[in-house]
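okay, sequence plus prediction incoming.
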Amino acid sequence: MKRVWLLVFLLIPAVTTASTVVALTLPELSQRADVIAFGSILSTETQMDASGRIFTTAEFKVQRAIKSAKAGEILILRVPGGRLPNGLTAHTSGAPRLETDQKWFGFFYRAPNQIYLPLGLSLGLLPAVQDSRGKYRVSRNLAGLSLMTGSGRRADDQSYQINKLPLEDLIEQVRTSLARNPGKE
C-alpha cells in the first residue's frame, strides 16, 4: 500500500499556484505607471513568440485618461497566457484574462515597441463592472498573486484588496496621489 501512495505522489505534477510580484500601494502604482487609464478591450489576439511563450495582445481604447494618455487613444496591451487558435492554452497565475468588450482600469508600464504591460499583473489591472445604477465599480482580484514587500517579506493581501469601489473614487484617489508627488507625469 505504501508503494501505491508513493507512486501516486510521484505522478502528481508540480503546479505553481502563484506569481510573485512586488506589492505596490496605490500611490506607488500611480507614480511608477507610465500611463493610467480607464477603457475597454476592442479586440484580442493570442500568439506564441519564438521562445514558445504564449501571450495575449489586446487593443485597449482609452475612455478616461488619468496620466499620459488621451481619451480615444488606442493602447496595445500585453499579458502572459491565453488560448491559441489551435486550442493550446497557457495560464499565468495572477495574470488578467483579456476579452473583447471588458472594461478595465489600468496602471501601465510602457515596454519597447509601444506595448503596454500592467504593473504587477492583476495588481495593476482592475476589472470594472456597471452596477444597477449604471455606475462603474472596480475590484482587484489577487487570486494567483503572491505579494512581496520590497524587503522580500510576504505582504498582507488584505491591505491591497479593492472590492466594488466606485470608479470615480478610485480616480480621485489616484489624482490625489499624483498631486502629492508630481514627480513622474
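Received it, and whenever you're ready, just let me know what you need.

list the contacts of G94.
Taking CB atoms under 8 Å, 6 or more residues apart in numbering, we find G94 in contact with A18, S19, V21, L121, S122, L123, L142, A143, G144, L145, S146. Every residue, glycine included, has its C-beta placed from N, CA and C.

now it. Its backbone dihedrals?
Backbone torsions of G94, given as degrees, to the nearest 10, read phi 80, psi 0.

and if you look at D156?
phi -80, psi 110.

quick check: I41 vs T20, distance?
Distance, I41 to T20, by CB to CB, to the nearest Å: 26 Å.

who's more crowded, those two?
I41 (18 against 14; other CB atoms under 10 Å).

and that one, what does it touch?
I41 neighbours (CB under 8 Å, 6+ apart): A58, E59, F60, L77, L98, E99, T100, D101, Q102, W104.

any of the residues you listed buried? List them.
A58, E59, F60, L77, L98, Q102, W104 (16 or more other CB atoms under 10 Å).

mind putting those residues in TSV, distance to L167 included?
Formatted as TSV, the buried ones among the contacts of I41 follow (distance: CB to CB, whole Å):
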residue	distance to L167
A58	20
E59	21
F60	16
L77	19
L98	19
Q102	14
W104	11
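
quick one, longest helix in this structure?
helix 167-180 (DSSP state H).

what comes up buried for that helix?
L167, L170, I171, V174, S177, L178.

again with stretch 66-74
I66, K67, A69.

L84: what's it in contact with?
Counted by CB under 8 Å, 6+ apart, L84 has contacts T46, Q47, M48, I54.

if any of the residues you listed are buried, put those into a PyMOL selection.
In PyMOL, this line selects whichever of the contacts of L84 come out buried by 16+ other CB under 10 Å:
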select buried, resi 46+54
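
what's the burial count for the closest residue to G81 other than its chain neighbours?
Among residues not flanking G81 along the chain, T92 sits closest, at 4.3 Å (CB to CB, 6 or more residues apart in numbering). Neighbourhood size, T92 [other CB under 10 Å]: 19.

helix, strand, or coil at T92?
Secondary structure state of T92, per DSSP: H, G, I helix; E, B strand; the rest coil, is coil.

can you start the count at 58 instead of 1 from here on
Yep, numbering from 58; the last one is T149 now.

quick one: pLDDT of it?
T149 carries a pLDDT value of 91.

what sits against the nearest residue to R232 once chain neighbours are set aside?
Leaving out its chain neighbours, the residue that sits closest to R232 by CB to CB, 6+ apart is I123, at 6.9 Å. I123 makes contact with I93, A94, F95, I228, V231, R232, L235, according to CB under 8 Å, 6+ apart.

element containing the first one?
Per DSSP states H and E: I93 is located in strand 92-105.

and F117, what are its bridge partners?
In this entry, F117 is beta-bridged to I98, L132, by DSSP bridges.

how close does it sit to F162?
11 Å.
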